[in-house]
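Student: Provided below are the primary sequence and the corresponding predicted coordinates.
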Amino acid sequence: MKFIGSQLAFYMNDRDFKNNSKVLLKYLVLLAIVIIVYSLLFHFIMAFEGQDHSWITGFYWTLTVMSTLGFGDITFASDLGRLFSIVVLLSGIFMLMIVLPFAFIRHFYIPLLESKKNNKVLRQVPTGTKDHILICSYDIIARDLIERLKQDTIPYFVIESNLEKAIKNHDDRVAVLFGALDDEKTFMAANIKDAKMILVNRNDILNTKIILTIRDLAPNIPIVAIATDIDSVDVQQLSGADHVLPVKKWLGEQLANRVNTQHAESHAIGQYEDLLIAELPIHNTPLVSKIIGEIGLRQKFGVSIVGIWERGRLQPIKGDEILTHESVLVIIGNKEQLNKIDELFLDYNVNPNPVLLIGAGKVGLAAAQSLHKNGVLVNVIDKDPEICKKVSPFCNEVFIGDAADYQLLKKAGVLKAPSVLLTTHDDTMNIYLASYCRQLNMDVRIVSRISEARNIDIMQKAGADFVLSYSTLGSEAVLSISKGQELTVLGEGFTLFIIAIPKSLEGKTLAESGIGAKTGLSVIAIKENDEVVTLLSAKTILPHGAEIVMLGNIDMKQKFNKIYVNRA
């Protein structure tokens, strides 16, 4: 009874529910007045016929007739009484059988269900919530970020100002908080002062307003904002954001960095402590056709091979892999060691032809600027003359037209290009172009952006060597900031995992652990007492109290937890 009372009190605070309840109450009052009037008329007509009944009998007769249950043992003998009975009967059919059920359903039952549905979304975080991450929009970056937060058991809440979207997110098992993003009460209800971080990921204009609102309430909370236009970065920083991420610009630069790997030189893609994680393509170098365990990069240069890209798929190192022209090694070492490798391979695989860039929007423009800065010639294809005009200062040649046109592709240099960079915002078009360019040039390195993670496999099957999405880059950047780590973008779905060595692995060698064979993860370093060891071998022992640094995807990490952590 206490639960029912609290539920009714909760619903009665809902404005729409209260308004509908008032309408139903007014009808019930009208119905009660009609019943009272009929009961009074019953007594007058019975007195006219010479009969005498109690007031209870009058109500009893009125309700019996109006509800069509019958006349029972009380009936009128006169035509006036029978005519009155007909009026009571017909009005009862209308008011009790038709209007009352409709009014009850329309003004009580449906509003009750709607109120229950609307109020199932949180208006305030649970008491005691702290060290949580607040997210201002459920976009594609938030979607990927939430999956990672769930894996790391980090609490989060998405603040949604649209009730319908909030309900949908709640039904999709997203932790959502309903409230206006420009209202201080919303952030107080989100316990922002005890939050770990807030991600402001609306449009650039609204972001600025949200940042100013938050900064007054919580001067010390880290604010991470997503900037669509590069011009808004300064505005959001001046408004109080600690980190402003121009993700589309970064995406173009990351893709351009992978284009450069077609040349025989290493390219840093991330950092762990003072060590660089880099990619080293071996196309047209002496390493092609050799067994990876026999090339001796560790002995010659002191670097460790921690993974290998084969046509868009990152493979763990076993030692018996035969390298191909498509192989791209993932290595780890310091800057000096990487420079020595570059000197060795500098004369190999030099292709002077321009890189072909298809799609010159925000991402494509950033890629063209990055390539131009690095002295790489770029030819661009785009349908929009205005976009082509904007990108032309950074290009060797610009071609206006449809990239699916063979003659245009040929003229733009697809047959001789060392790399093709696909940056259109349409996954279907990028898949088509990847397949087309692969058929036209089997040796070209194809780098592409995607929007939906579900398209990764088909993009790789189409011929892409490297794929990266806006959502992955954004979520990795936010997660890195939350952990105080350097951003490392290894590829779509791949990242670094830093985990305390489980008890089940302590004292075992890497060979005995079977981490690579059982999970697919690549062990790249062991950190013990602030000392990082990257020169690992099968005989390397996993010590007590140390951390292990591994490279892989979320599925691989889940396997690791299931096999080693949950068993520990």
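Tutor: Alright, I've got the coordinates.

Student: what's near enough to touch V233?
Tutor: Going by CB atoms under 8 Å, 6 or more residues apart in numbering, V233 touches A227, V244, P246. Quick note: C-beta positions are derived from backbone N, CA and C, even for glycine.

Student: quick one: the strands in the stretch 401-550 of the chain?
Tutor: Applying DSSP state E, counting those that start in this stretch to the stretch 401-550 of the chain gives strands spanning 419-422, 445-450, 466-469, 494-500, 522-528, 531-533, 547-553.

Student: Can I get these in JSON lines including mean neighbour count?
Tutor: Listed next are the strands of the stretch 401-550 of the chain as JSON lines, based on neighbours: other CB atoms under 10 Å:
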{"stretch": "strand 419-422", "mean neighbour count": "30"}
{"stretch": "strand 445-450", "mean neighbour count": "28"}
{"stretch": "strand 466-469", "mean neighbour count": "26"}
{"stretch": "strand 494-500", "mean neighbour count": "17"}
{"stretch": "strand 522-528", "mean neighbour count": "21"}
{"stretch": "strand 531-533", "mean neighbour count": "13"}
{"stretch": "strand 547-553", "mean neighbour count": "22"}
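
Student: Out of those, flag the one nearest L206.
Tutor: Nearest to L206, of all the strands of the stretch 401-550 of the chain, is strand 466-469, at 23.5 Å by CB to CB.

Student: which residue is nearest the middle of this structure?
Tutor: The chain has R143 as the residue nearest its centroid, 1.2 Å off, counting by CA atoms, centre = their mean.

Student: Quick check: chain neighbours aside, which residue is closest to that one?
Tutor: S471 (6.7 Å; CB to CB, 6 or more residues apart in numbering).

Student: Surely that neighbour and R148 touch.
Tutor: No. Applying CB atoms under 8 Å as the test, S471 and R148 come out as separate, 11.1 Å apart.

Student: Between those two, point out the one with more neighbours.
Tutor: The neighbour count for S471 versus R148, taken as other CB atoms under 10 Å, is higher for S471 (22 against 16).

Student: Tell me which stretches of the stretch 451-568 of the chain form helices.
Tutor: 456-462, 470-483, 510-513, 515-519, 554-560 (DSSP state H, counting those that start in this stretch).

Student: okay if I get those as a markdown table plus distance to N529 and mean pLDDT?
Tutor: Output for the helices of the stretch 451-568 of the chain, formatted as a markdown table (distance: least, CB to CB, whole Å; pLDDT from 0 to 100):
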| stretch | distance to N529 | mean pLDDT |
| --- | --- | --- |
| helix 456-462 | 39 | 89 |
| helix 470-483 | 20 | 88 |
| helix 510-513 | 19 | 86 |
| helix 515-519 | 22 | 83 |
| helix 554-560 | 23 | 83 |
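
Student: Compare those helices and give me the one nearest D426.
Tutor: For the helices of the stretch 451-568 of the chain, the distance to D426 is smallest for helix 456-462, at 12.2 Å, taking CB to CB.

Student: buried ones in the closest one?
Tutor: I456, M459, Q460, A462 (16 or more other CB atoms under 10 Å).

Student: Report all helices and strands that that helix contacts.
Tutor: helix 427-440, strand 445-450, strand 466-469 (3 or more CB pairs under 8 Å, 6 or more residues apart in numbering; DSSP states H and E).

Student: Settle this for me: I214 is touching I198, isn't it.
Tutor: Yes. Assessed by CB under 8 Å, I214 is found in contact with I198 at 6.3 Å.

Student: list the contacts for H544?
Tutor: I501, E506, G507.

Student: Look up phi and psi at H43.
Tutor: phi -70, psi -40 (degrees, to the nearest 10).

Student: show me the contacts for the closest residue to it other than its chain neighbours.
Tutor: Distances taken as CB to CB, 6+ apart place G58 nearest to H43, at 5.5 Å, with adjacent residues excluded. Shown in contact with G58 (CB under 8 Å, 6+ apart): S39, L40, F42, H43.

Student: Could you export the buried residues of helix 456-462 as a markdown table, including distance to L365?
Tutor: Listed next are the buried residues of helix 456-462 as a markdown table, based on distance: CB to CB, whole Å:
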| residue | distance to L365 |
| --- | --- |
| I456 | 24 |
| M459 | 22 |
| Q460 | 26 |
| A462 | 24 |
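
Student: which of those residues lies closest to G333?
Tutor: Using CB to CB, the buried residues of helix 456-462 come closest to G333 at Q460, 27.7 Å.

Student: R313 is in contact with that closest one, correct?
Tutor: Yes. Applying CB under 8 Å as the test, Q460 and R313 come out as touching, 6.5 Å apart.

Student: how much space between A278 and I498?
Tutor: 19 Å (CB to CB, to the nearest Å).

Student: got it, and I400?
Tutor: In terms of CB to CB, I400 sits 48 Å off from I498.

Student: which residues in the stretch 251-400 of the chain form strands?
Tutor: Under DSSP E, counting those that start in this stretch, the stretch 251-400 of the chain gives strands at 267-272, 275-281, 304-310, 313-315, 327-333, 355-358, 378-382, 397-400.

Student: highest average neighbour count across those?
Tutor: strand 355-358 (a mean of 28; mean count of other CB atoms under 10 Å).

Student: And H425, its phi and psi?
Tutor: phi -90, psi 10.

Student: Adjust the sequence numbering to begin at 32 for everything that follows.
Tutor: I'll keep to 32 as the first residue from here, and by that count the last item is H456.

Student: residues contacting it?
Tutor: If a contact means CB under 8 Å, 6+ apart, then H456 has G390, G392, V394, R480, S482 as its contacts.

Student: Out of those, which is nearest to I323?
Tutor: Nearest to I323 among the contacts of H456 is R480, at 29.4 Å by CB to CB.

Student: Let me see the contact set for that closest one.
Tutor: So R480 contacts L282, L286, V394, L453, T454, T455, H456, N461, V498, L499, S500, Y501 (CB under 8 Å, 6+ apart).

Student: Now flag whichever of those residues is closest to V189.
Tutor: Closest approach to V189 among these (CB to CB): Y501, at 18.3 Å.

Student: my guess is the closest one contacts K279, does it?
Tutor: Yes. Between Y501 and K279 there is a contact under CB under 8 Å: 6.7 Å.

Student: what residues do these two have in common as contacts?
Tutor: V394.

Student: Pick out whichever of those two has more residues nearby.
Tutor: Counting neighbours by other CB under 10 Å for Y501 and for K279 shows that K279 has the greater number, 25 against 22.

Student: Show the contacting residues for the more buried one.
Tutor: T259, K393, V394, A397, Y501.

Student: which of those tops the neighbour count?
Tutor: Counting by other CB under 10 Å, top hit in those: V394 with 26 neighbours.

Student: State the pLDDT value of that residue.
Tutor: Note on V394: pLDDT of 94.

Student: Any regions of the chain where pLDDT drops low?
Tutor: Residues of the chain that meet the criterion pLDDT under 70 lie in 32-48, 101-103, 143-150, 291-295, 342-343, 347, 349, 377-381, 519-524, 598-599.

Student: try 50
Tutor: 32-38 (pLDDT under 50).

Student: re the thing from before, same list, the helices and strands packed on helix 487-493, but as CSV with distance to K371 please.
Tutor: Output for the helices and strands packed on helix 487-493, formatted as CSV (distance: least, CB to CB, whole Å):
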stretch, distance to K371
helix 458-471, 34
strand 476-481, 24
strand 497-500, 25
